[in-house]
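Q: Got a sequence here, can you build the structure:
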Amino acid sequence: MRKGKGTKVEGGGRNGEAAGKPIDFGPLATWVGFNLRMAQEASFEAFSHHSAAIGENPGRFATLTLIARNAGISQTELSAASGRDKSSLTPVVEDLVRRGLVERKRVDSDRRTYRLNLTAAGRKTLALMTRAARKHERNLDRLIGPRDKKRFVDILKRIAAEIE
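A: Sure, this is the predicted structure:
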């Protein structure tokens with residue numbers, strides 16, 4: 001059972017209490033969207049626990065990984081790859097630049113475009129976060145099971161790509 005804003009419900013999810021009685025989730029209990037959100041929140045909270053010793057926000061892990069794996073990526077490309085709009089990604093990149101984890105350089109041919117790369121400190125932070133992420137991923141693998149993991153990830157990717 002995880003610690004958090006509620007208690008675990010049989011079959012998954014959280015069940016808060018109102019006036020001493022269990023919350024009735026109604027159709028939410030079986031709706032995919034609601035359960036995706038609850039699973040994402042639980043996963044993020046668990047990864048936060050693993051990365052707390054690093055002193056880094058787990059939300060930065062994907063950003064650092066994408067920059068590391070795609071040297072010179074533009075902020076627009078990073079936005080598309082991470083599924084974040086540019087307006088929410090810009091403060092993240094600015095924070096990483098300010099803390100010396102990412103360097104941002106203007107493109108000579110287009111002064112509006114920046115190319116991003118990790119600094120040495122960024123690579124060190126990413127290495128630490130990757131260790132925490134692997135530990136977290138092992139826990140998710142344990143919950144999903146090796147037989148179901150590929151199918152589960154394929155379904156998540158299909159939702160991300162095809163949802164209207």
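
Q: what residues are up against the closest residue to Leu126 other than its chain neighbours?
A: Nearest non-adjacent residue to Leu126, counting by Cβ to Cβ, 6 or more residues apart in numbering: Leu64, 4.5 Å away. (Glycine included, C-beta is placed from N, CA and C.) Residues near Leu64 by Cβ atoms under 8 Å, 6 or more residues apart in numbering: Leu96, Leu101, Val102, Leu118, Gly122, Thr125, Leu126, Met129.

Q: got a list of contacts for stretch 135-142?
A: Contacts for stretch 135-142 (Cβ under 8 Å, 6+ apart): Ser43, Ala46, Phe47, His50, Lys149.

Q: Widest-spaced pair of the residues you listed?
A: Using Cβ to Cβ, the pair of the contacts of stretch 135-142 lying farthest apart is His50 and Lys149, separated by 18.9 Å.

Q: and the longest strand for this protein?
A: Secondary structure assigned by DSSP state E gives strand 110-118 as the longest strand of the chain.

Q: Can I get it in CSV? Just the C-alpha atoms.
A: Only the C-alpha atoms of strand 110-118 are listed here, as CSV (Å, rounded to 0.1, in the frame of the first residue of the first chain):
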residue,chain,number,x,y,z
ASP,A,110,17.5,31.3,-37.1
ARG,A,111,18.0,33.5,-34.1
ARG,A,112,14.6,32.4,-32.6
THR,A,113,15.7,28.8,-32.4
TYR,A,114,17.8,27.4,-29.5
ARG,A,115,19.7,24.1,-29.5
LEU,A,116,20.0,22.3,-26.2
ASN,A,117,22.8,20.1,-24.8
LEU,A,118,23.6,18.7,-21.4
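
Q: Show me what secondary structure element comes after it.
A: helix 120-144 (DSSP states H and E).

Q: for that following helix, the distance to its chain's centre please.
A: Relative to its parent chain, helix 120-144 has a centroid offset of 11 Å by Cα atoms, centre = their mean, to the nearest Å.
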